[in-house]
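# Just a sequence and a predicted model for now, questions to come.
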Amino acid sequence: SQQGEEDPQALSIQEGENATMNCSYKTSINNLQWYRQNSGRGLVHLILIRSNEREKHSGRLRVTLDTSKKSSSLLITASRAADTASYFCATDNGSSNTGKLIFGQGTTLQVKP
Amino acid sequence: GAGVSQSPRYKVAKRGQDVALRCDPISGHVSLFWYQQALGQGPEFLTYFQNEAQLDKSGLPSDRFFAERPEGSVSTLKIQRTQQEDSAVYLCASSTSPGTSREQFFGPGTRLTVL
């Protein structure tokens, strides 16, 4: 069974616009990660945010985490056609130390040139 | 450097056949994970190895699924008597060491189609 719900399921924007994706999860966590998947490169790690952090930036990516609401958001600024992909949030199970990830169902982003 | 590789990339099997899927993790990575990804869904955890020890196999859907990593590097996921519901992409991932704060590096996956 999957941990998270992602919203929206699909998103279509024009190049240059910002894209926001949201993720909710169910259990306590140690950290939350975001991954991107496209047919060319498979699943690629984007960013990790720890449970004691509220916001993190990496280039054009901004991630927020609200542990009281068990939710996270990923903002991609100034989107490019190359950002077209599926985006997944993934959490650990707060009581497990193996590092196994529990993924959401993903948001499919299309960026039109 | 070389990333995680998987073979074959595509596998078509007739229902009832056995299949073996191979994963070559990044050299020196202690942790190895297998995930199953159905069409349009996120990956779902199958099993975890720390070196050669299989420490978590809670995600394996049935006893037809078996995984091994005998020397702590290459891993094989075997599915016996394949069923149509086994059709999915099987992803392998590795990370440097155990723990929850580690980035996982994923292979390209093996797309299994069971007819």
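Arrived safely, thanks for sending.
# Show me the shaky parts of chain B.
B:1 (pLDDT under 70).
# For it, which residues are neighbours of chain A?
Within chain B, the positions lying close to chain A (Cβ under 8 Å from any Cβ of the partner chain) are B:31, B:33, B:35, B:40-45, B:48, B:50, B:55-56, B:59, B:91, B:93, B:95, B:98-109. Where C-beta positions appear, they are placed from N, C-alpha and C, glycine not excepted.
# Could you rerun that using 7 Å?
Proximity of chain B to chain A (Cβ under 7 Å from any Cβ of the partner chain) is limited to residues B:31, B:33, B:41-45, B:48, B:55-56, B:91, B:95, B:98-104, B:106-109.
# mind checking pLDDT for the closest residue to chain B within chain A?
Residue nearest to chain B within chain A: A:Phe103 (3.4 Å; Cβ to the nearest Cβ). As predicted, A:Phe103 sits at a pLDDT of 93.
# List buried residues within the residues of chain B next to chain A.
Taking 16 or more other Cβ atoms under 10 Å in any protein chain shown as the criterion, what is buried in the residues of chain B next to chain A is B:31, B:33, B:41-45, B:48, B:55-56, B:91, B:95, B:100, B:102, B:104, B:106-109.
# In a helix, the residue of chain A closest to chain B, correct?
No. Per DSSP: H, G, I helix; E, B strand; the rest coil, A:Phe103 lies outside any helix segment and is strand.
# now it: how far from B:Gln36?
11 Å (Cβ to Cβ, to the nearest Å).
# so of the residues of chain B next to chain A, which ones are in strands?
If you go by DSSP state E, the residues of chain B next to chain A have B:31, B:33, B:44-45, B:48, B:55-56, B:91, B:95, B:106 in strands.
# between the residues you listed, which is nearest B:Gln6?
Proximity of these to B:Gln6 (Cβ to Cβ) peaks at B:Leu91, which lies at 7.8 Å.
# what residues does chain A put near chain B?
Neighbours of chain B within chain A, by Cβ under 7 Å from any Cβ: A:2, A:30-31, A:42-43, A:45, A:48, A:50, A:88, A:92, A:97-106.
# And the ones in strands among the residues of chain B next to chain A, which two are furthest apart?
B:Leu55 and B:Phe106 (19.5 Å).
# Leaving out chain neighbours, which residue sits closest to the residue in chain B that chain A sits nearest to?
In chain B, the residue that lies nearest chain A is B:Gly42 (3.4 Å; Cβ to the nearest Cβ). Once flanking residues are discounted, B:Gly42 sits nearest to A:Phe103: 3.4 Å by Cβ to Cβ, 6 or more residues apart in numbering or on different chains.
# Please apply the same query to A:Leu61.
Nearest one to A:Leu61, counting by Cβ to Cβ, 6+ apart, is A:Ile47 at 5.7 Å.
# burial measure for that neighbour, as a count.
For A:Ile47, the neighbour count with other Cβ atoms under 10 Å in any protein chain shown is 17.
# Work out for me the element it sits within.
Following DSSP states H and E, one finds A:Ile47 within strand A:42-50.
# what's the nearest residue to A:Lys70 once chain neighbours are set aside sitting at in phi/psi?
Nearest non-adjacent residue to A:Lys70, counting by Cβ to Cβ, 6+ apart: A:Tyr25, 5.2 Å away. Per-residue torsions, A:Tyr25: phi -140, psi 170 (degrees, to the nearest 10).
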